[in-house]
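1. just need the structure, nothing else, for what follows:
(one chain, ligands or ions: 1)
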Amino acid sequence: MIMKKIDITANINGIQLPLCIMNASGVLCSTDQELSNLLDSHSGGVVTKSCTSQPRKGNILPRYFEWNMGSINSMGLPNFGIHFYLGFLEEKKINKPIFLSISGLSTEENYYLIQKANQSSKVTAIELNLSCPNLIGKENVFGYNFDKISNFIEKIFKFNKKPLGIKLPPYFQDAHIKNIASILNQFPIFFVTCINSLPNGLFIDANKESVVICPKKGFGGIGGPIIKPFALANIRKFYTYLRKDISIIGCGGISSGKDIFEHILCGASAVQIGTQFMKEGVSVFERLKKELILILEKKNYSSLNNFKGKLKNLQ
Ligand code: SIN
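-> Predicted coordinates for the structure are as follows:
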């Protein structure tokens, strides 16, 4: 039997990924060792931990908990500061696209971080995180600030020259996605990543009659399998409303090749793995790659373009 060659590379608005699967920012991508592991892994790209201008310790421990259906976190952006990440990249031989995730605590800080990222030839693209739900004293997720986003992004594109994408929070109303999409459509944005964790979830331990993480009285961002339907819904809606040249990176609830297939069917060009990467480590990328290839083989597809965005309706 002659096997068809199956292409599961990805193209994010011109950025070529050798594999459509990479890590989600935040998970095992903060330290020198973790980033080196990712560079050595099968992942199609490396996304760094969202960084700020100065190092941050993040929120008080315990700040991460997982159960069979998902995870809850309130990390609070612990990171070594942008200079550490740019310095790390400078020292390394880079063999795949690098997405520098940034998450300034103010618009001014974001402008500063974008300027710094522009100065590094090792950064392929910037993933601007407008969706961290865990900042104590800064409870407003900027991605929900419909009034301010447009001005903020307009100023970025006055100086930014790097490919830039935005990591969005989950939206729950069609009108909100339409609104954000129509704002993003006005700018030369390369991609959106949907979705960050679902903000302000609560997981409890009934035996102890207690919350399971310490910061914010136990409230945190929810990830893992339980959020997949929300990720798929956001990808599908953004695929409908965004300009066709803005790629979508799907994130949320992926733990199998079938989950990746579903994200791409909704319109994602590539995917990121968070909770499952935390559980499984870097071997997750090779396993998911094999599972995805098996599905494509069974369906007689030779590339992602055969089914990307082609989800069928029932009428
Ligand atoms: C965190 O560091 O709190 C998580 C980052 C995020 O959800 O964007």
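2. next one: Val46 from the ligand, what distance?
-> Shown here: Val46 relative to the ligand, a distance of 17 Å by Cβ to the nearest ligand atom, to the nearest Å. C-betas here are computed from N, CA, C, even on glycine.
3. look up which residues are beta-bridged to that residue.
-> Listed by DSSP bridges, the beta-bridge partners for Val46 are Ile98.
4. now do the helices in the stretch 101-250 of the chain.
-> All helices of the stretch 101-250 of the chain, identified by DSSP state H, counting those that start in this stretch, fall at 107-118, 146-159, 174-184, 228-241.
5. can I get those helices in TSV with mean pLDDT?
-> As requested, the helices of the stretch 101-250 of the chain are exported to TSV (pLDDT from 0 to 100):
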stretch	mean pLDDT
helix 107-118	98
helix 146-159	97
helix 174-184	98
helix 228-241	98
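6. deepest-packed of those helices, please.
-> helix 228-241 (a mean of 21; mean count of other Cβ atoms under 10 Å).
7. that one vs helix 174-184, what angle?
-> Here helix 228-241 points in a direction 50 degrees away from that of helix 174-184 (axes from the mean of the first three to the mean of the last three Cα atoms, to 10 degrees).
8. other SSEs contacting helix 228-241?
-> Here helix 228-241 touches helix 174-184, strand 191-194, strand 247-251, helix 257-266, going by 3 or more Cβ pairs under 8 Å, 6 or more residues apart in numbering; DSSP states H and E.
9. closest to Leu294 out of those?
-> Set against Leu294 and scored by Cβ to Cβ, those come closest in helix 257-266, at 6.5 Å.
10. just to revisit the earlier point, need the helices of the stretch 101-250 of the chain in JSON lines (columns: distance to Leu35).
-> Converted to JSON lines, the helices of the stretch 101-250 of the chain look like this (distance: least, Cβ to Cβ, whole Å):
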{"stretch": "helix 107-118", "distance to Leu35": "16"}
{"stretch": "helix 146-159", "distance to Leu35": "25"}
{"stretch": "helix 174-184", "distance to Leu35": "29"}
{"stretch": "helix 228-241", "distance to Leu35": "25"}
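11. including distance to Thr9, could the helices and strands packed on helix 228-241 go into a markdown table?
-> Formatted as a markdown table, the helices and strands packed on helix 228-241 follow (distance: least, Cβ to Cβ, whole Å):
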| stretch | distance to Thr9 |
| --- | --- |
| helix 174-184 | 25 |
| strand 191-194 | 16 |
| strand 247-251 | 13 |
| helix 257-266 | 13 |
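12. right, and those - which one's nearest Ser121?
-> strand 191-194 (20.1 Å).
13. flag every residue of the protein that's near the ligand.
-> Residues of the chain lying close to the ligand (Cβ under 6 Å from any ligand atom) are 26, 50, 75-77, 129, 131-132, 134, 196-197, 221.
14. just to be sure, which of those are found in strands?
-> Among the residues of the chain next to the ligand, the members found in strands (DSSP state E) are 129, 221.
15. and which of the residues of the chain next to the ligand is nearest to Ile12?
-> Lowest distance from Ile12 to the residues of the chain next to the ligand (Cβ to Cβ) belongs to Asn129, with 16.5 Å.
16. nearest residue to that closest one other than its sequence neighbours?
-> Leaving aside its sequence neighbours, Asn129 sits nearest to Ser103 (Cβ to Cβ, 6 or more residues apart in numbering; 3.9 Å).
17. from memory the one you found sits against Glu127, does it?
-> No - contact status for Ser103 versus Glu127: not in contact, 9.3 Å apart, counting by Cβ atoms under 8 Å.
18. common neighbours of those two, please.
-> Counting by Cβ atoms under 8 Å, 6 or more residues apart in numbering, the contacts common to Ser103 and Glu127 are Ser50.
19. and the residue nearest to Asn129, what's its pLDDT?
-> Looking at Ser103, its pLDDT stands at 98.
20. got the confidence number for the closest residue in space to Asn185 that isn't next to it in sequence?
-> Closest residue in space to Asn185, ignoring its immediate chain neighbours: Arg243 at 4.8 Å, by Cβ to Cβ, 6+ apart. At Arg243, the predicted lDDT confidence score is 98.
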